[in-house]
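Undergrad: Pasting the sequence and the predicted coordinates here, then a few questions.
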Amino acid sequence: MAETQIFTDHPADRAFRAKWYFSRTLIYGALVFWAFVCLFPIFWTVSTSFKIAPDVMKGNIWPWIEFAPKWKGWQSLGLAPEQWGQISTVREEFLKRFMNSVIVSVSASTLAVGLGSLAAYGLSRFSYRFGPMKNQDISFFFLSQLILPPVVLALPFLVLYKELALLDTRIGLILLYTLTVLPIVIWIMRDQFQAIPSELEEAAMVDGLGVWGAFFQIVLPIALPGMVAAFILSLVLCWNEYFFAALLTSTDAKTLPVMVASQTGSQGINWWSMAALSTAAIAPLVVIGVVLEKYIIQGMAAGAVK
């Protein structure tokens with residue numbers, strides 16, 4: 001229940017009231033400022049997609065005040081209103097790259113969450129020993145894989161994928177992205193499972209459920225918010241990955257980040273086209289974040305208090 005502040009006209013109460021309002025003003029002012037800092041790059045990207053070259057060069061920011069919005073950036077993608085219903089090779093190319101990103105990111109994230117949840121459950125409920133390594137060491141080993149720079153793996157994966165005929169294929173990117181985000185999923189889900197009392201599973205097994213039955217019917221529904229949070233984090237990382245997508249693809253399996261980075265020509269960078277592409281690329285993530293906000297917060301906070 002929210003606590004109600006009651007003030008009187010006593011000098012001490014007036015001083016306390018002034019201090020209370022001043023502290024709240026500082027807190028909310030800082031939050032508003034930080035929200036502006038975080039959201040301004042998105043606003044700048046969206047507004048740039050409606051600019052023409054002179055507006056970009058002059059650094060105009062505010063639409064309808066400093067410049068008149070145009071559809072130039074979206075025309076370069078075949079997504080301007082006057083182009084709807086018309087055949088556009090550029091739009092087909094964009095949709096192909098968009099679908100590549102969707103298929104690769106969703107598949108890799110789903111696979112990583114499935115495998116990572118099983119591994120994390122085992123690390124949280126059973127004791128393992130691999131040489132001198134125990135559960136805590138094994139968990140840290142998974143997380144330590146993130147320290148390795150991707151460029152170190154460039155040549156080995158390039159040679160391996162060439163031998164396995166996985167270059168420029170979606171399945172090649174899905175397997176690689178799964179390995180990339182798997183350590184993060186294991187680390188997040190291990191904390192989720194550790195926050196769930198093992199007594200719940202013991203009671204379920206007393207009632208006749210086996211280990212797998214207790215996992216799927218008891219533990220998994222409780223850990224679902226954490227799995228959603230891990231899935232969304234994996235999805236964002238896979239969606240934004242550029243290095244391996246540029247290295248291991250050429251035509252068929254190119255993703256949106258590679259297409260965004262290719263918006264350069266002999267006369268420089270097409271900022272309006274790049275901004276329109278970037279806006280189209282971040283829009284699905286924003287929608288997912290807004291729709292699943294409740295699950296993200298629950299998942300991130302589930303392991304904080306035991």
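TA: Here it is on my side, so go on.
Undergrad: alpha carbons only for contacts and neighbour counts from here, please
TA: OK.
Undergrad: Are there helices or strands packed against the one helix or strand residue 32 maps to, and which ones?
TA: Element membership of residue 32 [criterion: DSSP states H and E] is helix 11-48. Applying 3 or more C-alpha pairs under 8 Å, 6 or more residues apart in numbering; DSSP states H and E, one finds that helix 11-48 contacts helix 271-291.
Undergrad: got the CA coordinates for the helix it packs on in CSV?
TA: What follows is helix 271-291, C-alpha atoms only, in CSV (Å, rounded to 0.1, in the frame of the first residue of the first chain):
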residue,chain,number,x,y,z
TRP,A,271,22.4,8.9,-45.1
TRP,A,272,18.7,9.0,-45.9
SER,A,273,18.7,5.4,-47.2
MET,A,274,20.8,4.2,-44.3
ALA,A,275,18.4,5.9,-41.8
ALA,A,276,15.4,4.4,-43.5
LEU,A,277,17.0,1.0,-43.4
SER,A,278,18.0,1.4,-39.8
THR,A,279,14.4,2.5,-38.9
ALA,A,280,13.0,-0.5,-40.6
ALA,A,281,15.5,-2.7,-38.8
ILE,A,282,14.9,-1.4,-35.3
ALA,A,283,11.1,-1.2,-35.5
PRO,A,284,10.4,-4.9,-34.9
LEU,A,285,12.7,-4.9,-31.8
VAL,A,286,10.9,-1.9,-30.4
VAL,A,287,7.5,-3.5,-31.0
ILE,A,288,8.7,-6.8,-29.3
GLY,A,289,10.2,-4.8,-26.4
VAL,A,290,6.9,-2.9,-25.8
VAL,A,291,4.6,-5.9,-26.1
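Undergrad: How about the helix or strand encompassing residue 108, which residues are buried there?
TA: For residue 108, the host element (DSSP H and E) is helix 89-125. The neighbour-count check on helix 89-125 (16 or more other C-alpha atoms under 10 Å) flags 91, 94, 96-114, 116-121, 123-124 as buried.
Undergrad: re the thing from before, just the buried residues of the helix holding residue 32, please?
TA: Buried residues in helix 11-48, defined by neighbour count with 16+ other C-alpha under 10 Å: 17, 42, 45-48.
Undergrad: can you give me how far it is from the chain middle?
TA: 26 Å (C-alpha atoms, centre = their mean, to the nearest Å).
Undergrad: likewise stretch 160-175?
TA: Counting by C-alpha atoms, centre = their mean, stretch 160-175 comes out at 23 Å from the chain centroid.
Undergrad: List the buried residues of it.
TA: 161, 166-175.
Undergrad: What is the end-to-end distance of that stretch?
TA: 13 Å (C-alpha to C-alpha, to the nearest Å).
Undergrad: pLDDT averaged over that stretch, what's the number?
TA: Average pLDDT, stretch 160-175: 93.
Undergrad: cool, stretch 77-95 as well?
TA: The predicted model gives stretch 77-95 an average pLDDT of 83.
Undergrad: Please list the residues outside it that contact it.
TA: Outside stretch 77-95, the residues that touch it by C-alpha atoms under 8 Å, 6 or more residues apart in numbering are 71-72, 74-76, 256, 273, 276-277.
Undergrad: per the record, what domains does the protein have?
TA: Using automatic domain parsing, the domains assigned to the chain come out as 11-72, 83-302.
Undergrad: tilt between the helix holding residue 32 and helix 271-291?
TA: Interaxial angle, helix 11-48 versus helix 271-291 (axes from the mean of the first three to the mean of the last three C-alpha atoms, to 10 degrees): 130 degrees.
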